[in-house]
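> okay, sequence plus prediction incoming.
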Amino acid sequence: KMNISVTVLVALVSSATALRTWPVTVVVGGRSHEVAVPENEPVLAAVERAGLLPGCDCRRGACLSCAARVVGGTPWALRCDSLTALCPLGHEQGLVLLCSTFAEGPNIRLELDADGDAWDVQHHQRFSRDQAALRRPAEERARPPVHYKRDDALGFLEEVYAVSGGTRGSAAGGSGQEA
């Protein structure tokens, strides 16, 4: 029975999130703009195509100039590349780099021009923490908090399923009918 449930969940995720375009609300200077962001494209490219022109110097996650603050949406709705200059503390505080962030779900809301916040976290807050704790071996340090609860996965899958129009593909070998 457990294998069937896992298979169904994998099929739902695969069919419900297969390269679609997600609406992302982008706030610039207090004004909201709706931007269509394809899943396989960095949010930065879609925002630029919409004419909003956020800061960007490197386009590969090394400079922090395209930092934005996540102010809405589920943690599952964004996929962020972890190999960027933004430290884990920045991610914990809701910051992302648009050049290495991809939309994968509904209800995303981002505030642009958070590069100052990213620099503050990266170079001030991170190093003004408890220095004795930073000198301990990595395995003794507290792990950063997880951005989601495992129970949130089912809620996210249900939301994606609802956004996709409630249709299930035949990837799980099913008939496409409701369960």
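Structure's in. What do you need? Numbering: from 1, shown residues only.

> so A50 touches H33, yeah?
Yes - judged on C-beta atoms under 8 Å, A50 makes contact with H33 at a distance of 6.4 Å. For every residue, glycine as well, the C-beta is placed using N, CA and C.

> please identify the buried residues of the one helix or strand V26 maps to?
Using DSSP states H and E, V26 sits within strand 21-28. Within strand 21-28, the residues that count as buried by 16 or more other C-beta atoms under 10 Å are W22, V24, T25, V26, V27, V28.

> what of stretch 116-126?
Within stretch 116-126, the residues that qualify as buried by neighbour count (16+ other C-beta under 10 Å) are D117, A118, V121, Q122.

> how about the last one, phi and psi?
In terms of degrees, to the nearest 10, the main-chain angles of Q122 are phi -60, psi -40.

> and it, how far from R59?
Per C-beta to C-beta, to the nearest Å, Q122 is found 18 Å from R59.

> which residues do A50 and H33 both contact?
V26 (C-beta atoms under 8 Å, 6 or more residues apart in numbering).

> circling back to that earlier point, so what strands line up beside the strand holding V26?
strand 31-38 (antiparallel), strand 108-111 (parallel) (DSSP bridges).

> out of these, deepest packed?
strand 108-111 (a mean of 21; mean count of other C-beta atoms under 10 Å).

> residue ranges in this structure under the pLDDT threshold?
1-18, 126-154, 156, 164, 166-179 (pLDDT under 70).

> try 50
In the predicted model of the chain, residues 17, 144-148, 169-179 satisfy pLDDT under 50.

> what comes into contact with the strand holding V26?
32-39, 43, 46-47, 50, 52, 54, 68, 71-72, 77, 103-106, 108-113.

> please redo it, this time with the cut-off set to 7 Å
Strand 21-28 has contacts (C-beta atoms under 7 Å, 6 or more residues apart in numbering) with 32-39, 43, 47, 52, 103, 105-106, 108-113.
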